[in-house]
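**Student:** Test case, fold it:
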Amino acid sequence: MSRMPRPIVFGLMLMLSAGLAHAQKGAFQVTGDPDVAFKGKAVGMKLVGRTNDLTCKDDGQRLVFEVNLDSLKTGIELRDKHMTEKYLETDKYPKATLTLDKSQLVLPASGNQKGSLKAKLRLRGTSKDVPVSYEIRATKAGYTIKATMPVNYKDFGIDVPSYMGVTVKPDLDVEVAFQAKGA
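**Tutor:** This is a model prediction of the structure:
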């Protein structure tokens, strides 16, 4: 029986230990009941749309958060229909995604961590870099995360929503709150 050369053995051990370290940490996952909201303004009113349909894919390098846009509800069925069919065109673009480099996210071992990062938002077939501010609190089960980002819907080719003379201003605030586990 012949011996394997040391560099090959060392390389295999390094690859195996890296794989075990990643497996022990686990993939980042959204847990619990997430809340995704967009907040907008029109003359004399505030507009809020919400969903709890948030998922996350972790490929080890990037986190990709997805929201099913058909699940957004504003509290008025006709407005929801106009928003999804006319403005978001969810038949062609069913999801919004936010992609960030995992190395930008600082997960605290205990206590709270506040920070900001750049992420890529893909909405209605258009991708743009957006600033994201976040606060992460370490818990026994993982993390509680709150994040906000400004979004101008015109940047994504969305027409100005207007109904009976009331138009929504283009600058929206997106707020996300969820529980997570993994790293």
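**Student:** ok, now which ones touch E175?
**Tutor:** Applying C-beta atoms under 8 Å, 6 or more residues apart in numbering to E175 gives the contacts D35, V36, A37, F38, K39, K146, A147, T148. (C-beta placed from N, C-alpha, C; glycine too.)
**Student:** make it 6 Å
**Tutor:** By C-beta atoms under 6 Å, 6 or more residues apart in numbering, the residues touching E175 are A37, T148.
**Student:** Likewise for K146?
**Tutor:** Neighbouring residues of K146 by C-beta under 6 Å, 6+ apart: E135, A177.
**Student:** List the neighbouring strands of the helix or strand harbouring it plus their orientation.
**Tutor:** Using DSSP states H and E, K146 sits in strand 142-152. If you go by DSSP bridges, strand 142-152 pairs up with strand 126-139 (antiparallel), strand 171-181 (antiparallel).
**Student:** how far is the last one from where the chain is centred?
**Tutor:** Averaging C-alpha positions (C-alpha atoms, centre = their mean, to the nearest Å) puts strand 171-181 7 Å from its chain's average.
**Student:** Local confidence estimate at P34?
**Tutor:** With respect to pLDDT, P34 scores 95.
**Student:** these two touch, right, it and F178?
**Tutor:** Yes: using C-beta atoms under 6 Å, P34 is in contact with F178, at 3.6 Å.
**Student:** before we move on, the earlier item: check which residues of the strand holding K146 are buried.
**Tutor:** The neighbour-count check on strand 142-152 (16 or more other C-beta atoms under 10 Å) flags G142, Y143, T144, I145, A147, T148, M149, V151 as buried.
**Student:** how about the CA coordinates for that strand, as PDB?
**Tutor:** This file holds the C-alpha atoms of strand 142-152, laid out as PDB (Å, rounded to 0.1, in the frame of the first residue of the first chain):
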ATOM      1  CA  GLY A 142     -30.600  32.700  17.000                       C
ATOM      2  CA  TYR A 143     -31.200  36.300  16.100                       C
ATOM      3  CA  THR A 144     -33.900  39.000  15.900                       C
ATOM      4  CA  ILE A 145     -33.300  41.200  12.900                       C
ATOM      5  CA  LYS A 146     -34.900  44.500  11.900                       C
ATOM      6  CA  ALA A 147     -33.800  46.200   8.700                       C
ATOM      7  CA  THR A 148     -34.900  49.300   6.700                       C
ATOM      8  CA  MET A 149     -34.100  50.600   3.200                       C
ATOM      9  CA  PRO A 150     -35.400  53.500   1.100                       C
ATOM     10  CA  VAL A 151     -36.700  52.500  -2.300                       C
ATOM     11  CA  ASN A 152     -37.800  54.900  -5.100                       C
END
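**Student:** picking that back up, closest one to G60 among the strands paired with strand 142-152?
**Tutor:** strand 171-181 (15.8 Å; C-beta to C-beta).
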